[in-house]
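coords please:
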Amino acid sequence: IFCLSGRGNRPGNYELPLGTPFRKLIEELGGGISGGKALKAILPAGASAPLLPASALDLPMDWESVAAAGSILGSASVIVLDETVDMLWATHKMTRFFKHESCGKCAPCREGTHWLVKEVERIRAGQGQPQDIDLLLDITRQMSGKCFCPLGDFATSSVTSSIKLFRGEYEAMVNGR
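Numbers count the residues shown, from 1 in each chain. This is a model prediction of the structure:
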């Protein structure tokens, strides 16, 4: 069962065999992107997974193919983002979610999620500096593989993948555009 949500025309749960391309789920069953907008990115396992670019539309939805593309299929809660989505806004929502969900038991997750939210908020408020983009990546490196549970690693996914795929949006924000 694949759960489709986000900026699609027909969100819902769809039963498909593993290996079905994202395109079938998003365009055929889900009716495409709402408002006729272009697809910008796919979150193949909700906020827990690294973003996939729109070019991954023909990627088979199975664990191996999605992993080879640099993400995870997880529970198959597919979220689609359209061309109008501000990636810093989306990253902020996801980092806030993980900060809230952190139990606080281990310092890398407790402190790391706090600092991720704080830095993303600072950049979004127009107070960021170009070096803050790399600071975000440094925070994720200090968290990855060092937390008691996977939540800390999941919290880094939106930050690292959004910077990798949409660094220009971060650069525009810290440069006042």
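
now do the contacts for Pro18.
If you look again at residue 18, you'll see it is Leu, not Pro. Pro60, Met61, Asp62, Trp63 (CB atoms under 8 Å, 6 or more residues apart in numbering). C-beta coordinates here come from the backbone N, C-alpha and C atoms, glycine included.

how about the secondary structure of it?
Following DSSP: H, G, I helix; E, B strand; the rest coil, Leu18 is assigned to coil.

and whichever strand in the chain runs longest, what does it pack against?
Looking across the chain with DSSP state E, the single longest strand is strand 39-47. Judged by 3 or more CB pairs under 8 Å, 6 or more residues apart in numbering; DSSP states H and E, the packing partners of strand 39-47 are strand 52-53, strand 77-82, helix 87-101, helix 150-174.

give me whichever of the ones you listed is most buried.
strand 77-82 (a mean of 23; mean count of other CB atoms under 10 Å).

tell me how far that one is from the chain's mean position?
9 Å (CA atoms, centre = their mean, to the nearest Å).

so for the residue positioned nearest the centre of the chain, what's the pLDDT?
By CA atoms, centre = their mean, the chain has its centre lying nearest to Ser158, at 3.7 Å. At Ser158, the model reports a pLDDT of 96.

I'd say it and Ala90 touch.
Yes - Ser158 is within contact range of Ala90, at 7.1 Å (criterion: CB atoms under 8 Å).

report the beta-bridge partners for the spatially closest residue to Ile33 that is not a sequence neighbour.
Distances taken as CB to CB, 6 or more residues apart in numbering place Asp82 nearest to Ile33, at 4.9 Å, with adjacent residues excluded. Listed by DSSP bridges, the beta-bridge partners for Asp82 are Leu39.

quick one: Asp82 and Gly32 touch, right?
No - counting by CB under 8 Å, Asp82 stays clear of Gly32, with 9.9 Å between them.

got a list of contacts for the helix or strand encompassing Asn13?
Using DSSP states H and E, Asn13 sits in strand 12-14. Strand 12-14 has contacts (CB under 8 Å, 6+ apart) with Ile1, Phe2, Cys3, Leu4, Leu25, Leu29, Gly30.
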